[in-house]
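In: for reference, the sequence and a predicted model appear below.
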Amino acid sequence: MSDQIQLIAPDDWHVHLRDGEMLKQVVPYTAQMFRRAIVMPNLRPPVVTVEAAKAYRDQILAACDPRWGFTPLMTAYLTDDIAPEEIERGFHEGVFTAAKLYPANATTNSAAGVTELSHIHDVLLGMERIGMPLLIHGEVTDVDVDVFDREAVFIERSLKPIRDRYPDLKVVLEHITTEQAVDFVGSADQNLAATITPHHLHINRNAMFMGGLRSDFYCLPVAKRERHRLALRRAAMSGDRRFFLGTDSAPHARPGKETSCGCAGIFNAPHALESYALAFAQDDKLDNLEAFASLHGPAFYGLPVNEGIVTLQRDDKLVPDVVNGLVPFHAGETLPWRLQPCT
């Protein structure tokens, strides 16, 4: 195995940067590793207007060193009553790159999400017409559906009808966790893609219960059985352009994670690329890492491939237990790669 991996500068197609002081703490980890990132809009209040997206973008950029060359790509938070004209205006003005569909109460800060797909019919028609991607948190929220089945049920109940009703709509099923999602996306045309996180390549659902209840491995969608993890690894490393990198890094302060009703989210931004590299190396697929991290996402979004190169040097690196008061993914583990500055 080579002691060095060089990649075209990568992008993160799904990240949570929060706001306020938390944003200032976590933005540098993403901005120094990736050239662009699709930023999730589930703030309090959510990002539902063009003006709010501009203000949020300015807040992110203010926390970045201009030398990093980082570009945040903003998204609109879809609600039952959001105006199609607002979505289209934001897209045409270059403010909204995409719009995010959260089923109401599916995950963190999603209470204002969509309760019925029929409520956003005109929005989706407009997005289909102008070529604006729809990003989906793909889980049903019915209390009678097992939490481990909610992604698979969403595909049957909601995603298939969306695909049938809006065949030219570009759709990203985000942070997929099941073999059903892998199979559905892998059999689709060029208008459907999926992001895959580093943590879902490494852990299955047992991680949440090893030695006690491990809230730092709790995320939504939750990690599933081992066969699903293996299906995700095959998809990510296959070279199939429908699958690309999206960390879903989602930081929470300790009081939010260590409580009787802990928040969902895994903070993987500090070592995300090293984590992906470890998984690809374990399966002898490092030759496919650049396409997954740097090429497939821009192709789907119709954006140019980045200039510049990042280098991963083979060098053991101990991941600290705490980073800026947050517990990172791989805390206490030694990763065999060290990221060098982008050139």
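Out: The structure has been received and is ready for your questions. These figures come from a predicted structure and were not determined experimentally. Numbering: from 1, shown residues only.

In: please, where are all the strands along the stretch 1-150 of the chain?
Out: In the stretch 1-150 of the chain, the strands defined using DSSP state E, counting those that start in this stretch lie at 4-8, 12-15, 36-39, 71-77, 96-101, 134-136.

In: and those, which is most packed in?
Out: Comparing the strands of the stretch 1-150 of the chain by mean neighbour count (mean count of other C-beta atoms under 10 Å), strand 12-15 ranks first with a mean of 27. Quick note: C-beta positions are derived from backbone N, CA and C, even for glycine.

In: picking up where we left off before, out of the strands of the stretch 1-150 of the chain, flag the one nearest D315.
Out: Of all the strands of the stretch 1-150 of the chain, the one in closest proximity to D315, counting by C-beta to C-beta, is strand 4-8 (9.7 Å).

In: partner strands of that closest one and their direction?
Out: Neighbouring strands of strand 4-8 in its sheet, by DSSP bridges, are strand 309-318 (antiparallel).

In: next secondary structure after the partner strand?
Out: Sequence order places strand 334-340 as the next helix or strand after strand 309-318, per DSSP states H and E.

In: got the CA coordinates for that following strand in PDB?
Out: In PDB, the C-alpha atoms belonging to strand 334-340 read as follows (Å, rounded to 0.1, in the frame of the first residue of the first chain):
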ATOM      1  CA  THR A 334      -5.700   5.600  16.000                       C
ATOM      2  CA  LEU A 335      -6.300   6.400  12.300                       C
ATOM      3  CA  PRO A 336      -3.500   5.400   9.900                       C
ATOM      4  CA  TRP A 337      -3.800   8.500   7.700                       C
ATOM      5  CA  ARG A 338      -3.000  12.200   8.400                       C
ATOM      6  CA  LEU A 339      -4.500  14.900   6.100                       C
ATOM      7  CA  GLN A 340      -2.100  17.400   4.700                       C
END
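
In: which helices and strands does that strand pack with?
Out: helix 272-282, strand 309-318 (3 or more C-beta pairs under 8 Å, 6 or more residues apart in numbering; DSSP states H and E).

In: which of the ones you listed sits most buried?
Out: For these, the highest mean count by mean count of other C-beta under 10 Å goes to helix 272-282, at a mean of 22.

In: that older thread, any chance of JSON lines for the helices and strands packed on strand 334-340, columns mean pLDDT and distance to Y29?
Out: As requested, those are exported to JSON lines (pLDDT from 0 to 100; distance: least, C-beta to C-beta, whole Å):
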{"stretch": "helix 272-282", "mean pLDDT": "98", "distance to Y29": "8"}
{"stretch": "strand 309-318", "mean pLDDT": "96", "distance to Y29": "14"}
